[in-house]
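sharing a sequence plus its predicted fold:
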Amino acid sequence: MAQKKPMAFLILMLSVVMSVPVHSNAVVSLDDLEQKIKQASNLLLLDVRPKVRFLLLGHIPGAVNIWRPAFQAEVNDYPYSGMRASKQKMSELLSRLGATADTEIILYDDQQGMDAARLWWLLKLYGHDQVSILDGGLSAWEKHKKKLNFKSPLTPERSNYQFTGKPHPQWLAEIEKVKSVQAKKENAILVDVRSLDEFTGKTIKSGAYRHGRIPGSIWFEYKQTVNKNGFLDKERLKHLFQSAGITPDKEIIVYCQSGVRSAHTLFVLSEILGYNRIKNYDGSWIEWSWMRELPAVQGPPKKNHIKFTNPLQRN
């Protein structure tokens, strides 16, 4: 029997390791990016910022600029703003960028990955496999005194892009799903990742129709997952979310103003922490607040919410 124990222990440990989710290499370091720029033959580096910042403030050499309107729904598709672009529109966009199904796409911005994460979520949603985010974004590049380019890049040669990778429809929550969770008909939680003032209804961003939040929401501002250097380490992130009651055994629906900041939180939960029951409510507060018949609540969060301190000010 004594001889069998080591083997039994080994089998147990292997089963534990195999049960841990395998994460994509979705976070790219500065060193990784530099190597990929030198070596990759089919690389598309996308700068996800307004064009004026791309040109006037500089960008990583070789980057191509893209901004939110390019990956949002058409103006007349919805009676409110901020919704995701259709799969067809995204295919057309990637064709203009010269991408193929095998292109490795790396995204960055100057908002600690917020806008990059929205585009990342969309690309993964529809089925582009090789897409990642530069940790720390443009700030990391500048911090290490890397060269900036101030010229417009050459127009890529057009391709005929088609999504052929694994789609991720499980990462999308639409309004009927959110209603069922809000009415407590589902074993799930709603997480509002906006600022505290938006959550309490003290302030309202342009595009929303009412102050407040979806009743029953937990508040966890997305900024808590980053500092000036990029994403926090895995153990610290795990502690933050678990302290807020946002644990992997629950189905989690995240929302913000228009599904941008919540895409960032989904990225952290799925790619860094390995949560696999997480959805981004694309319509978010804009859609919910537009539907006047839906309930809304204002006021401070419950006392058991974690206290927020801005991690961007930490070393």
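Happy to help now that I have it.

Leu56: neighbouring residues, count only.
The number of residues packed near Leu56 is 9, by other CB atoms under 10 Å. Where C-beta positions appear, they are placed from N, C-alpha and C, glycine not excepted.

ugh, typo on my part, it should be Val178
Val178: 24 surrounding residues under other CB under 10 Å.

what segments of this protein are strands?
For the chain, applying DSSP state E gives strands covering 27-28, 43-48, 64-66, 104-108, 131-134, 172-173, 188-192, 218-219, 226-227, 230-231, 251-255, 278-281.

including mean neighbour count and distance to Gln298, could those go into TSV?
Below are the strands of the chain laid out as TSV (neighbours: other CB atoms under 10 Å; distance: least, CB to CB, whole Å):
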stretch	mean neighbour count	distance to Gln298
strand 27-28	19	36
strand 43-48	23	32
strand 64-66	19	36
strand 104-108	23	35
strand 131-134	24	34
strand 172-173	22	23
strand 188-192	22	12
strand 218-219	21	13
strand 226-227	20	28
strand 230-231	20	32
strand 251-255	25	16
strand 278-281	26	19
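
could you dump the ones you listed into TSV and include mean pLDDT and distance to Lys238?
Converted to TSV, the strands of the chain look like this (pLDDT from 0 to 100; distance: least, CB to CB, whole Å):
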stretch	mean pLDDT	distance to Lys238
strand 27-28	96	15
strand 43-48	97	27
strand 64-66	97	32
strand 104-108	98	24
strand 131-134	98	19
strand 172-173	98	23
strand 188-192	96	15
strand 218-219	96	17
strand 226-227	96	15
strand 230-231	96	12
strand 251-255	97	14
strand 278-281	98	14
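
could these go into JSON lines alongside distance to Asp77?
As requested, the strands of the chain are exported to JSON lines (distance: least, CB to CB, whole Å):
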{"stretch": "strand 27-28", "distance to Asp77": "32"}
{"stretch": "strand 43-48", "distance to Asp77": "21"}
{"stretch": "strand 64-66", "distance to Asp77": "19"}
{"stretch": "strand 104-108", "distance to Asp77": "24"}
{"stretch": "strand 131-134", "distance to Asp77": "24"}
{"stretch": "strand 172-173", "distance to Asp77": "16"}
{"stretch": "strand 188-192", "distance to Asp77": "25"}
{"stretch": "strand 218-219", "distance to Asp77": "30"}
{"stretch": "strand 226-227", "distance to Asp77": "31"}
{"stretch": "strand 230-231", "distance to Asp77": "33"}
{"stretch": "strand 251-255", "distance to Asp77": "19"}
{"stretch": "strand 278-281", "distance to Asp77": "17"}
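
so which of these is nearest Leu123?
strand 131-134 (4.7 Å; CB to CB).

sheet-wise, list the partners of the closest one with their directions.
The pairing partners recorded for strand 131-134 under DSSP bridges are strand 27-28 (parallel), strand 104-108 (parallel).

please convert those to a markdown table, extending it with distance to Ser243.
Output for the strands paired with strand 131-134, formatted as a markdown table (distance: least, CB to CB, whole Å):
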| stretch | distance to Ser243 |
| --- | --- |
| strand 27-28 | 22 |
| strand 104-108 | 29 |
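
of these, which approaches Phe150 most closely?
strand 104-108 (16.5 Å).

which other residues reach that closest one?
The set of residues external to strand 104-108 that reach it, using CB atoms under 8 Å, 6 or more residues apart in numbering, is 28, 33, 36, 40, 42-48, 60, 63, 99, 116, 119-120, 123, 128, 130-134, 137-138, 141.

what ranges do the helices span in the stretch 1-150 of the chain?
4-19, 30-39, 51-56, 87-96, 114-126, 137-143 (DSSP state H, counting those that start in this stretch).

with mean pLDDT and distance to Gly245 added, can I get the ones you listed in JSON lines?
Shown next, in JSON lines, are those (pLDDT from 0 to 100; distance: least, CB to CB, whole Å):
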{"stretch": "helix 4-19", "mean pLDDT": "40", "distance to Gly245": "23"}
{"stretch": "helix 30-39", "mean pLDDT": "93", "distance to Gly245": "34"}
{"stretch": "helix 51-56", "mean pLDDT": "96", "distance to Gly245": "37"}
{"stretch": "helix 87-96", "mean pLDDT": "98", "distance to Gly245": "34"}
{"stretch": "helix 114-126", "mean pLDDT": "98", "distance to Gly245": "23"}
{"stretch": "helix 137-143", "mean pLDDT": "95", "distance to Gly245": "29"}
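
nearest to Pro300, out of the ones you listed?
Among those, helix 114-126 comes nearest to Pro300, with 24.8 Å by CB to CB.

quick one, that closest one and helix 87-96 angle?
Relative orientation of helix 114-126 versus helix 87-96 (axes from the mean of the first three to the mean of the last three CA atoms, to 10 degrees): 110 degrees.

and the angle for helix 114-126 with strand 43-48?
Going by the same axes, to 10 degrees, helix 114-126 makes 130 degrees with strand 43-48.
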